[in-house]
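kindly generate the corresponding structure for this input.
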Amino acid sequence: MVDADQTFVIVGGGLAGAKAAETLRAEGFTGRVILICDERDHPYERPPLSKGYLLGKEERDSVFVHEPAWYARNDIELHLGQTVDRIDRAAKTVRFGDDGTLVRYDKLLLVTGAEPRRLDIPGTDLTGVHHLRRLSHAERLRRVLAALGRDNGHLVIAGAGWIGLEVAAAAREYGAEVTVIEPAPTPLHGVLGPELGNVFAELHREHGVRFRFGVRLTEIVGQDGMVLAARTDDGEEHPAHDVLAAIGAAPRTGLAEAAGLETADPALGGGIVVDERLRTGDPDIYAAGDVASFPLALIGTRLRVEHWANALNGGPAAARSMLGRDVVHDRVPYFFSDQYDMGMEYSGWAPPGSYDEVVIRGDAGKREFIAFWVQQGRVLAGMNVNVWDVTEQIQRLVRSRSPVNIEALSDPHVPLDSLTS
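Numbers count the residues shown, from 1 in each chain. Prediction:
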């Protein structure tokens with residue numbers, strides 16, 4: 001039974017945490033809600049950091065989940081620039097890292113997110129080495145890209161994932177020279193496989209990006225603290241004034257691990273282990289967003305999803321679960337990207353090896369198409385590229401788990417809705 005005397009604590013000030021706080025109030029919870037953020041900025045959304053805000057097309061204030069006054073107006077106790085360094089499960093308290101203040105909770109939600117993986121090579125301490133995860137990173141990188149474009153400077157990007165490619169697109173729009181270093185044979189190889197990865201490679205090559213596939217950075221060369229070049233394991237040296245490490249993110253599970261909560265195998269993505277209701281093994285502790293490893297019955301496996309939609313939907317689901325509602329977090333994984341004049345949306349989950357064919361509906365050459373990853377006739381995932389208002393239909397195909405007619409799936413004249421009726 002939830003009552004006004006209870007205290008719900010949320011550790012983590014990203015989208016998932018802010019939406020969880022919002023949902024608690026929207027669902028009628030009148031107890032204390034304490035939201036603890038380790039950044040000094042109010043909770044914000046991350047997609048603009050590598051898209052509109054990085055490009056200078058969106059204002060800084062546009063990234064925030066709520067206007068600053070919203071928190072006081074909704075009686076949310078917001079602690080900015082504060083860290084939690086300990087959870088005492090027996091006493092049901094969290095401890096602030098700066099002054100040791102103890103806060104008691106009745107329910108605790110961990111939305112501690114993820115942090116950029118670091119390059120383990122010489123030269124990463126140079127001034128021109130960057131990561132992109134926080135608003136402060138994006139502010140700095142925006143200034144860097146503008147300067148590179150003005151001075152015809154070179155940016156080397158380690159990693160051809162979503163962040164690497166989106167920053168590459170932004171850098172080219174500023175006018176910077178860009179080289180992307182990627183150990184895999186294509187961009188986005190672990191997400192899209194080689195078939196669709198090549199579509200993104202050609203897009204970027206048309207805009208002047210240079211790729212070096214099948215190699216790794218081994219050293220960032222500098223002088224007087226500044227970047228001069230980047231070396232790869234094939235012996236080549238690439239000119240660079242700045243380097244972006246975009247080699248993925250690791251879930252911030254240290255707080256949970258120290259408290260004895262179960263975490264998933266790092267080889268499977270890691271994260272705090274939760275059930276379908278986002279509950280940990282402790283009945284009063286929940287986790288959501290980038291840090292949560294949750295079971296998805298739709299695909300029969302456990303996932304940790306770092307994308308915007310998972311935070312947007314996972315925070316509210318966790319809040320309702322904390323309130324005792326009958327909640328199951330079973331959304332089809334979804335993400336989107338914008339690069340140059342190409343926009344895409346992806347729904348589902350189809351890592352390399354899980355599918356036996358990729359079916360194209362439309363014209364891939366013109367970059368107006370839908371790609372479907374199919375296994376024994378069943379649609380595992382779909383990606384619409386410059387084709388809009390089809391996400392619901394694609395997600396219905398993914399959810400149906402029933403074989404479809406491949407010829408009809410590839411025919412743009414056959415309505416997608418008819419394939420699941």
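
helices and strands of this structure: which one has the lowest mean pLDDT?
One helix or strand of the chain scores below all others by mean pLDDT, DSSP states H and E: strand 301-303, with a mean of 89.

C-terminal to that one, what's the next element?
Using DSSP states H and E, the helix or strand that follows strand 301-303 towards the C-terminus is helix 308-322.

quick one: buried residues of the helix or strand just after that next one?
Next in sequence after helix 308-322, counting helices and strands by DSSP H and E, comes strand 334-339. Residues 334-337, 339 are the ones in strand 334-339 that count as buried (16 or more other CB atoms under 10 Å). For every residue, glycine as well, the C-beta is placed using N, CA and C.

one more: stretch 75-82?
Neighbour count says stretch 75-82 has 76-80, 82 buried, by 16+ other CB under 10 Å.

then stretch 368-375?
369-374.

ok, of those residues, which one's closest to residue 325?
residue 373 (33.4 Å; CB to CB).

what bridges to that closest one?
residue 358, residue 381 (DSSP bridges).

need the contact list for it.
Residues in contact with residue 373 (CB atoms under 8 Å, 6 or more residues apart in numbering) are 193, 348, 350, 354-355, 358, 379-382.

if you set the cut-off to 6 Å instead, what comes out?
Contact analysis of residue 373 by CB atoms under 6 Å, 6 or more residues apart in numbering lists 350, 355, 358, 380-381.

kindly report the same for residue 64.
42, 44.

for stretch 23-35, give the mean pLDDT please.
For stretch 23-35, mean pLDDT rounds to 97.

buried ones in it?
23-24, 29, 32-35.

what's the closest of these to residue 99?
residue 34 (15.3 Å).

surely that closest one meets residue 9?
Yes - Residue 34 is within contact range of residue 9, at 4.7 Å (criterion: CB atoms under 6 Å).

what residues are shared contacts of these two?
Common neighbours of residue 34 and residue 9 (CB under 6 Å, 6+ apart) do not exist.

and residue 148, what is it in contact with?
155, 176.

and it, what element?
Residue 148 belongs to helix 135-151, assigned by DSSP H and E.

restrict that helix to CA atoms and write it as PDB.
Listed next in PDB are the C-alpha coordinates belonging to helix 135-151 (Å, rounded to 0.1, in the frame of the first residue of the first chain):
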ATOM      1  CA  LEU A 135      25.600  18.100 -22.300                       C
ATOM      2  CA  SER A 136      29.000  19.600 -21.300                       C
ATOM      3  CA  HIS A 137      30.700  17.200 -23.800                       C
ATOM      4  CA  ALA A 138      28.300  18.400 -26.600                       C
ATOM      5  CA  GLU A 139      28.900  22.100 -25.700                       C
ATOM      6  CA  ARG A 140      32.700  21.500 -26.000                       C
ATOM      7  CA  LEU A 141      32.500  19.400 -29.100                       C
ATOM      8  CA  ARG A 142      30.200  22.000 -30.800                       C
ATOM      9  CA  ARG A 143      32.900  24.600 -30.400                       C
ATOM     10  CA  VAL A 144      35.600  22.200 -31.600                       C
ATOM     11  CA  LEU A 145      33.700  21.300 -34.800                       C
ATOM     12  CA  ALA A 146      33.000  24.900 -35.600                       C
ATOM     13  CA  ALA A 147      36.800  25.600 -35.200                       C
ATOM     14  CA  LEU A 148      37.800  22.600 -37.300                       C
ATOM     15  CA  GLY A 149      35.400  23.700 -40.100                       C
ATOM     16  CA  ARG A 150      36.700  27.200 -40.000                       C
ATOM     17  CA  ASP A 151      40.400  26.200 -40.100                       C
END
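
could I get the average pLDDT for that helix?
Helix 135-151 comes out at a mean pLDDT of 97.

check which element follows that helix along the chain.
Downstream of helix 135-151, the next assigned helix or strand under DSSP H and E is strand 154-158.

low-confidence regions, this structure specifically.
Filtered on pLDDT under 70, the chain yields the residue ranges 1-2, 421.
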